[in-house]
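Asker: coords below, sequence missing:
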């Protein structure tokens, strides 16, 4: 896979006025809740969230260090975002782990795009992140131009920039 093959546009932090819009969006449109509080649910089904579920997701995003969303551009049927990811610092300020991940259709493509969007934003910027732990097996990604993809265990993957 090459960087030019990955669609990644407009990452934003979910904060301030965007929090209420995000909550409303979670109530209106169906999502897969792929990662919840750091645990992966590979068998999750697409669903509209209840008020209680949406509030739980909002609370998880609020307590994360990096609550991110991304819009896939003009081809998206809705004006909001196709994937949302919340990350927290790991053992130090150079490591993050995925705490929440909700995605729309196409599930697999949006999982990959959401994870890579967050990785590139946080490693190639002022945030100083060097590695990202994901409770998801990404070995099917193969090689990406400038990213090391290392399987730590059955459902834990480490992403680092190649030196």
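Answerer: In hand now; what should we look at? Remember, predicted model here, so these are calculated numbers, not experimental data. Numbers count the residues shown, from 1 in each chain.

Asker: what sits closest to residue 46 if chain neighbours are left out?
Answerer: The shortest distance from residue 46 to any non-neighbouring residue, by C-beta to C-beta, 6 or more residues apart in numbering, is to residue 30 (4.5 Å). C-beta coordinates here come from the backbone N, C-alpha and C atoms, glycine included.

Asker: hang on, isn't that neighbour packed against residue 104?
Answerer: Yes. Contact criterion C-beta atoms under 8 Å: residue 30 and residue 104 qualify, at 7.3 Å.

Asker: around the residue nearest to residue 46, how many other residues sit close by?
Answerer: For residue 30, the count of nearby residues is 12 (other C-beta atoms under 10 Å).

Asker: hmm, back to that, now the common contact residues for residue 30 and residue 104.
Answerer: Shared contacts of residue 30 and residue 104, defined by C-beta atoms under 8 Å, 6 or more residues apart in numbering, comprise residue 46.

Asker: ranges for the helices of this protein?
Answerer: With DSSP state H, the ranges of helices along the chain come out as 17-28, 51-62, 107-123.

Asker: got a markdown table for the ones you listed, with mean pLDDT too?
Answerer: What follows is these, written out as a markdown table (pLDDT from 0 to 100):
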| stretch | mean pLDDT |
| --- | --- |
| helix 17-28 | 88 |
| helix 51-62 | 96 |
| helix 107-123 | 90 |
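
Asker: tell me which of the ones you listed sits nearest to residue 36.
Answerer: Proximity to residue 36 (C-beta to C-beta) singles out helix 51-62 among the helices of the chain, at 7.5 Å.

Asker: show me what counts as buried in that closest one.
Answerer: Within helix 51-62, the residues that count as buried by 16 or more other C-beta atoms under 10 Å are 53, 54, 56, 57, 58, 60, 61.

Asker: that's all I had, so thanks and see you.
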